[in-house]
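Chemist: Got a sequence here, can you build the structure:
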Amino acid sequence: MADQKKGTSPYATGGGGVTLERVYGATLLAAVLVGDPVPGLGDDMRAVRVQTQSGPSSPVDDYVVEGENASTGTSRRLSVGVRRDPTIAPGDEKFVKLLGDYVRIVIEHATEVDADRWRLALAVAGPHTGAAETKTLSDFARSQPTNDSFRETVARDGVTTADVRARLQYLDKAIEA
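Modeler: Alright, predicted model coming up:
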């Protein structure tokens, strides 16, 4: 019987996140080739370049999609982390590291993020409850001018579910971690 501690796990060699990452990458490349919009990049942008594992250009580097709007001459970058089934909470060390990379982009490239020239995304295998709740929080955040108004909106009775409010607490703790 082979020693189970040696070698590479079947999950890491294609049974898990690697397969999702390849399929997602193929979807991105197809969008570039046919000119389809890339979710997260924005319908106003045409994807013109896809980079993979491009650490020097982005701390979140599973995929970096560059888009252009020919009529306005504007461009936008989308940095995508791909995780098959992350636990979107402070107990998942890999998610906490990824979240730290997102925060690093927001801090180091605040001007580009604030001007909507750099967006961040997380691609997961669906359906995924934590990702759906995080998307709901993201929608609220984009619709509010400040952190305080975002948090007031999420806390208001009847605006969202208790699970979404709990997800915000998990994310806050993961950022602290």
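Chemist: Beta-bridge partners for the closest residue to Gly40 other than its chain neighbours, please?
Modeler: In space, and not counting its chain neighbours, Gly40 is closest to Ala121: 4.1 Å by Cβ to Cβ, 6 or more residues apart in numbering. To be clear about C-beta, it is placed using only N, CA and C from the backbone, and glycine gets the same treatment. Residues in a beta bridge with Ala121, per DSSP bridges, are Val80.
Chemist: quick one, what contacts Ala121?
Modeler: The neighbourhood of Ala121, defined by Cβ atoms under 8 Å, 6 or more residues apart in numbering, consists of 39-40, 78-81.
Chemist: Now do the same for Ser54: helix, strand or coil?
Modeler: Three-state call for Ser54 (DSSP: H, G, I helix; E, B strand; the rest coil): coil.
Chemist: Double-check Glu68 against Arg46; I have them as touching.
Modeler: Yes. Counting by Cβ atoms under 8 Å, Glu68 does reach Arg46; the two are 5.9 Å apart.
Chemist: Please give the number of neighbouring residues around Tyr170.
Modeler: 19 (other Cβ atoms under 10 Å).
Chemist: got it, and Glu93?
Modeler: Around Glu93 there are 10 residues (other Cβ under 10 Å).
Chemist: now it: how far from Ala174?
Modeler: 10 Å (Cβ to Cβ, to the nearest Å).
Chemist: Same check on Glu133?
Modeler: From Glu133 to Ala174 the distance is 13 Å (Cβ to Cβ).
Chemist: For Ser79, list the residues it contacts.
Modeler: Ser79 neighbours (Cβ under 8 Å, 6+ apart): 58-61, 63-64, 102, 105, 118-121.
Chemist: if you set the cut-off to 7 Å instead, what comes out?
Modeler: 58, 60, 64, 105, 120 (Cβ atoms under 7 Å, 6 or more residues apart in numbering).
Chemist: Which parts of the protein are helices?
Modeler: Remark: helices assigned in the chain by DSSP state H are 17-34, 93-108, 110-114, 129-142, 147-155, 162-176.
Chemist: how about the shortest one: buried residues?
Modeler: Neighbour-count burial for helix 110-114, with 16 or more other Cβ atoms under 10 Å as criterion, is recorded at Val113.
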